[in-house]
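Enquirer: Let's see this in three dimensions:
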Amino acid sequence: MASTDLMSRARAGDGQAFRALTEPHRRELQVHCYRMLGSFQDAEDALQDSMLAAWRGLEGFDGRASLRTWLYRIATNRCLDALRATRRRPPKEWDVPGVEPPEPSALGEIHWLEPYPDALLDGAFGVSPGPEARYEQAESVSLAFVTALQELPPRQLAVLILRDVLGFQADEAAEMLDTTVESVKSALKRARATMQRRAPATTCSPRSDPARQDAIVARFVSAYEAADIDALVALFTDDVFLSMPPMPHEYRGRDSVAAFFAFAFGVVQGFQLVPTRANRQPAFGVYLRTPDGIRGVGFFVLTLAGDRISALTRFEDTVLPAFGLCGSPVARRSSSFTIRQAS
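Expert: Coordinates of the predicted model:
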């Protein structure tokens, strides 16, 4: 009865009633947009577009499906529009004059990837996925999984998320996408085959031993802040992978990643890491102690496999505000600053 009254008021132009109806779904819709677009910034934009479209089109909601399903339909199609418009930001070139990094193992194509704050994931899974869902909630927001999703064609991407992540029935997905059940089944089959081949790296599972995770993270912080290459490399798997969107540079394998960090520490030292969480994984704001004070210079997300680090994703300092990490961190201990000329 209350929801019926809110709907009537919202249709009459009551903005507060509309917000009361849609707010319970807002966080999960933002996560949905993030999975589809791979960018926190783009997901926020898509969510705003979706809410505006829902507000303007509320008269078209006939109640045959739930409000949640109707909102997912709008958000999915707004994301598809964004993907088809190909307005992706271009990759960023290496921009440190006179300093060239080691030759990368490859140049990645998913340069628009951004991390997602764990603080915004809390409360984003209020509705349990349907019985069709294949992926657990933590896995479905991991950086490895979101990156793999970005390599799917837009329609396959949407179908896989709707069916295997959210658990919507095939006929519900077909209705959302204005297509047939047969088309949904065909797209899902192709998408599953692609994801199976790519087999995203194992992510840090919430069921893993927290004490073991904490120990790995502590050792990583100690080694990184001390610029101790040997201690750092000892934490890596043999096939460890380093990427750094929006720059396309990728380094794969212990020797390749070690060479990059040896280069980085040879140019600048005096880092301080401030812990946080992103994509249900350990993450850190990276700060540099300079003669002028402490400033944010980047952001790391770690992917753990057992008692080793299997992947490191380095983002720019522009993502720090989303994690409440802008400005200088609280110093845990004194740290020296050294800058060296590249040889």
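Enquirer: Quick check: chain neighbours aside, which residue is closest to residue 91?
Expert: In this structure, residue 91 finds its nearest non-sequential neighbour in residue 111, 4.0 Å apart by Cβ to Cβ, 6 or more residues apart in numbering. No exception for glycine: its C-beta is placed from N, CA and C like everyone else's.
Enquirer: Any chance of the backbone angles for that neighbour?
Expert: phi -80, psi -10 (degrees, to the nearest 10).
Enquirer: so it touches residue 247, yeah?
Expert: Yes. Contact status for residue 111 versus residue 247: in contact at 7.0 Å, counting by Cβ atoms under 8 Å.
Enquirer: remind me which residues of this structure are low pLDDT?
Expert: 1-2, 86-88, 96-98, 126, 199-208, 327-343 (pLDDT under 70).
Enquirer: mind listing the helices for it?
Expert: 2-11, 15-37, 40-56, 67-84, 118-121, 143-149, 154-160, 170-177, 181-198, 210-225, 229-233, 254-267 (DSSP state H).
Enquirer: Please tell me how far the closest residue in space to residue 79 that isn't next to it in sequence sits from residue 165.
Expert: Leaving aside its sequence neighbours, residue 79 sits nearest to residue 36 (Cβ to Cβ, 6+ apart; 4.0 Å). Relative to residue 165, residue 36 is positioned 10 Å away (Cβ to Cβ, to the nearest Å).
Enquirer: Would you state the strands of the stretch 201-343 of the chain in chain order?
Expert: 236-244, 247-252, 268-269, 271-278, 281-290, 293-305, 308-315, 338-339 (DSSP state E, counting those that start in this stretch).
Enquirer: Mean neighbour count and distance to residue 145 added to those, as a markdown table?
Expert: Listed next are the strands of the stretch 201-343 of the chain as a markdown table, based on neighbours: other Cβ atoms under 10 Å; distance: least, Cβ to Cβ, whole Å:
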| stretch | mean neighbour count | distance to residue 145 |
| --- | --- | --- |
| strand 236-244 | 20 | 14 |
| strand 247-252 | 20 | 18 |
| strand 268-269 | 18 | 32 |
| strand 271-278 | 20 | 13 |
| strand 281-290 | 22 | 11 |
| strand 293-305 | 20 | 11 |
| strand 308-315 | 22 | 12 |
| strand 338-339 | 11 | 38 |
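Enquirer: which ones are touching the residue nearest to residue 91?
Expert: Applying Cβ atoms under 8 Å, 6 or more residues apart in numbering to residue 111 gives the contacts 89-92, 245-248.
Enquirer: Out of those, who's the most crowded?
Expert: Compared across those, residue 245 has the highest neighbour count, 26 neighbours, by other Cβ atoms under 10 Å.
Enquirer: contacting residues around it?
Expert: Contacts of residue 245 were listed using Cβ under 8 Å, 6+ apart, and they are 108, 110-114, 313, 315.
Enquirer: which one of the residues you listed is nearest residue 42?
Expert: residue 112 (7.2 Å; Cβ to Cβ).
Enquirer: how many neighbours does that closest one have?
Expert: Look at residue 112: counted by other Cβ under 10 Å, it has 18 neighbours.
Enquirer: Contacts only, for it.
Expert: Residues near residue 112 by Cβ under 8 Å, 6+ apart: 37-39, 42, 88-89, 150, 245-246.
Enquirer: Enumerate every residue touching residue 67.
Expert: For residue 67, the contacting residues are 21-22, 25, 61, by Cβ under 8 Å, 6+ apart.
Enquirer: What are the contacting residues of stretch 228-236?
Expert: 216, 219-220, 222-224, 254, 257-258, 261-262, 265, 308-310.
Enquirer: tell me how far that stretch is from the chain's mean position?
Expert: A distance of 26 Å separates the centroid of the chain from that of stretch 228-236, by Cα atoms, centre = their mean, to the nearest Å.
Enquirer: For the residue nearest in space to the middle of the chain, what are phi and psi?
Expert: For the chain, residue 115 is the residue whose C-alpha lies nearest the centre (Cα atoms, centre = their mean; 3.7 Å). The phi/psi pair for residue 115 (degrees, to the nearest 10) reads phi -80, psi 160.
Enquirer: so it makes contact with residue 278?
Expert: Yes. Look at residue 115 against residue 278 with Cβ under 8 Å: they come within range, at 3.8 Å.
Enquirer: where do the contact lists of those two overlap?
Expert: With Cβ under 8 Å, 6+ apart as the test, residue 115 and residue 278 both reach 143, 299, 301, 323.
Enquirer: what bridges to the second one?
Expert: With DSSP bridges as the criterion, the beta-bridge partners of residue 299 are residue 285, residue 315.
Enquirer: and it, what does it touch?
Expert: 115, 278, 283-286, 314-317, 319-320, 323, 325.
Enquirer: again, only this time at 6 Å
Expert: Shown in contact with residue 299 (Cβ atoms under 6 Å, 6 or more residues apart in numbering): 285, 315, 319.
Enquirer: can you check residue 227 too?
Expert: Applying Cβ under 6 Å, 6+ apart, the residues near residue 227 are 265, 269.
Enquirer: what does residue 118 give?
Expert: Taking Cβ under 6 Å, 6+ apart, one finds residue 277 in contact with residue 118.
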